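> Sequence and predicted structure, then a few things I'm wondering about:
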Amino acid sequence: MLEADNLVKHFTEKKNADRQGSGKGRGTQPGLVKAVDGVSLSIASGTCFGLLGPNGAGKTTTVEMLEGIVQPTSGSVRYRGKPLGADFRQKAGIMFQNTALQDFMTVREALQMFGSFYSNTVPAEQLIEQCALSEFLDRDTGKLSGGQKQRLLLAVALVNDPEVIFLDEPTTGLDPQARRNFWSLVNDIKASGKTVVLTTHYMEEAALLCDELVFVDHGKVIAAGKPRDLLSDSFDDVLLELPAEAITSDLPAQPFHSATLHGQTVEISTRDINASIQYLLEHNVSLSGMQVRSRSLEDLFIELTGKDLRS
Ligand SMILES: Nc1ncnc2c1ncn2[C@@H]1O[C@H](COP(=O)(O)OP(=O)(O)O)[C@@H](O)[C@H]1O
Ligand SMILES: [Mg+2]
């Protein structure tokens with residue numbers, strides 16, 4: 001449905017042009033920021049496609065080129081096989097990473113205003129129901145909680161009944177409950193057949209919502225695929241976590257693969273969980289406080305880049 005071919009976006013930072021190696025830039029020329037450095041991707045209709053990466057990775061810049069808002073330095077975007085045209089604005093719904101809403105306007109009025117920009121709109125009542133806005137419809141948009149504001153902005157992104165909806169870090173800064181609440185709205189949007197393009201630095205969010213995803217770092221795609229395939233291609237172990245004091249002697253290389261101390265916890269990697277637990281029991285290791293977990297997208301990101309997604 002949507003395809004990007006070798007997208008590149010360079011920004012020139014005029015203020016820093018005479019300062020060598022300004023903190024932000026990763027170009028070789030002073031003041032040149034290679035925000036996106038050759039990204040190709042292909043988004044199938046009806047799927048949720050995720051761009052996952054740390055702050056400054058180039059997610060927003062990539063998504064804004066897909067939306068037709070930022071002109072690429074080079075490379076191209078195609079929607080249903082054709083270059084993005086003016087009609088794409090009617091087909092796309094956008095929830096920006098930061099949106100300033102008009103002051104002194106209620107939620108209801110904001111919906112009406114954004115609706116008035118399009119020829120083809122969804123009835124307000126449907127959006128109110130879909131995004132659970134009814135409780136604060138007459139509230140000033142400046143007085144909404146983080147979760148309420150994001151629900152309103154989601155409704156705004158849906159106002160033109162788009163085929164594809166772009167959500168740029170929609171849950172950053174929300175509390176865990178508001179985040180879960182938002183995820184269920186996104187799942188409903190997916191179920192209605194719309195294509196969703198999502199950026200996030202929460203691996204849990206990506207694992208839950210995305211059918212396909214790319215890891216982005218320093219403006220490049222460093223891994224791509226279905227979350228489950230990415231994990232099974234990269235890992236064949238599970239992790240067994242035990243309080244450090246439970247392990248009093250060295251563990252053998254079989255059935256254990258490695259053991260790493262993280263603060264008060266030993267993280268043991270094994271390819272044979274049954275044999276591992278049997279060994280620990282036979283050697284009188286206390287299993288109280290033990291946790292067993294599979295590898296996550298966060299582990300994969302650390303493996304690929306050596307750094308934390310949120311760092
Ligand atoms: N308009 C701009 N001018 C200069 N640099 C920019 C601009 N927009 C983004 N950047 C830089 O490009 C890089 C990627 O930014 P962005 O796409 O916002 O990343 P992300 O959304 O993954 O956090 C960052 O180093 C950022 O500072
Ligand atoms: Mg961003």
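Happy to help now that I have it. Ligands and ions are numbered 1, 2, ... in the order given.
> Show me where the stretch 201-311 of the chain dips below the pLDDT cut-off.
Low-confidence segments of the stretch 201-311 of the chain (pLDDT under 70): 308-311.
> ranges for the strands of this protein?
For the chain, the strands identified by DSSP state E occupy 2-12, 32-43, 48-52, 74-79, 82-83, 92-95, 164-168, 195-200, 212-217, 220-225, 238-243, 256-262, 265-270, 291-294, in order along the chain.
> Put the alpha carbons of stretch 182-190 into CSV.
What follows is the C-alpha trace of stretch 182-190 in CSV, where atoms were taken according to Å, rounded to 0.1, in the frame of the first residue of the first chain:
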residue,chain,number,x,y,z
PHE,A,182,-5.0,3.7,24.0
TRP,A,183,-3.7,0.3,22.7
SER,A,184,-7.2,-1.1,22.7
LEU,A,185,-8.4,1.8,20.6
VAL,A,186,-5.6,1.2,18.1
ASN,A,187,-6.6,-2.5,18.0
ASP,A,188,-10.2,-1.5,17.2
ILE,A,189,-8.9,0.7,14.4
LYS,A,190,-6.9,-2.2,13.0
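> for it, the distance to its chain's centre please.
Taking the mean C-alpha point of stretch 182-190 and that of its whole chain, the gap between them comes to 14 Å (CA atoms, centre = their mean, to the nearest Å).
> Switch the strands of the chain over to JSON lines; also include mean neighbour count and distance to ligand 2.
For every residue, glycine as well, the C-beta is placed using N, CA and C. JSON lines is the format used below for the strands of the chain (neighbours: other CB atoms under 10 Å; distance: least, CB to the ion, whole Å):
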{"stretch": "strand 2-12", "mean neighbour count": "18", "distance to ligand 2": "13"}
{"stretch": "strand 32-43", "mean neighbour count": "20", "distance to ligand 2": "10"}
{"stretch": "strand 48-52", "mean neighbour count": "26", "distance to ligand 2": "9"}
{"stretch": "strand 74-79", "mean neighbour count": "16", "distance to ligand 2": "18"}
{"stretch": "strand 82-83", "mean neighbour count": "10", "distance to ligand 2": "25"}
{"stretch": "strand 92-95", "mean neighbour count": "22", "distance to ligand 2": "12"}
{"stretch": "strand 164-168", "mean neighbour count": "23", "distance to ligand 2": "6"}
{"stretch": "strand 195-200", "mean neighbour count": "24", "distance to ligand 2": "6"}
{"stretch": "strand 212-217", "mean neighbour count": "23", "distance to ligand 2": "10"}
{"stretch": "strand 220-225", "mean neighbour count": "16", "distance to ligand 2": "16"}
{"stretch": "strand 238-243", "mean neighbour count": "18", "distance to ligand 2": "30"}
{"stretch": "strand 256-262", "mean neighbour count": "13", "distance to ligand 2": "29"}
{"stretch": "strand 265-270", "mean neighbour count": "18", "distance to ligand 2": "31"}
{"stretch": "strand 291-294", "mean neighbour count": "12", "distance to ligand 2": "29"}
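> care to break the protein down by domain?
Described in terms of automatic domain parsing, the domain architecture of the chain consists of the residue ranges 42-232, 236-294.
> got a pLDDT number for Val164?
As predicted, Val164 sits at a pLDDT of 97.
> again with Asp168
According to the model, Asp168 scores 96 on pLDDT.
> neighbours around the closest residue to it other than its chain neighbours, how many?
Taking CB to CB, 6 or more residues apart in numbering, and ignoring the residues beside it in sequence, Asp168 has Gln97 as its nearest neighbour in space, at 4.2 Å. Here the neighbour count serves as a burial measure; for Gln97 (other CB atoms under 10 Å) it reads 14.
> same thing with the one 5 residues further on?
Residues lying near Gln102 (other CB under 10 Å) number 11.
> do the same with His218
Neighbours of His218 under the rule other CB under 10 Å: 16.
> Tell me how far it lies from Gly53.
Between His218 and Gly53 the distance, using CB to CB, to the nearest Å, works out to 9 Å.
> go on, Gly31?
From Gly31 over to Gly53 (counting by CB to CB), the distance is 23 Å.
> Taking the chain, what residue is nearest to ligand 2?
For the chain, the residue positioned closest to ligand 2 under CB to the ion is Thr60, at a distance of 3.2 Å.
> tell me the contacts of the most centrally placed residue in the chain?
Residue closest to the average C-alpha location in the chain (CA atoms, centre = their mean): Thr200, at 2.1 Å. Contacts for Thr200 were tallied using CB atoms under 8 Å, 6 or more residues apart in numbering; they are 50-52, 169-172, 206.
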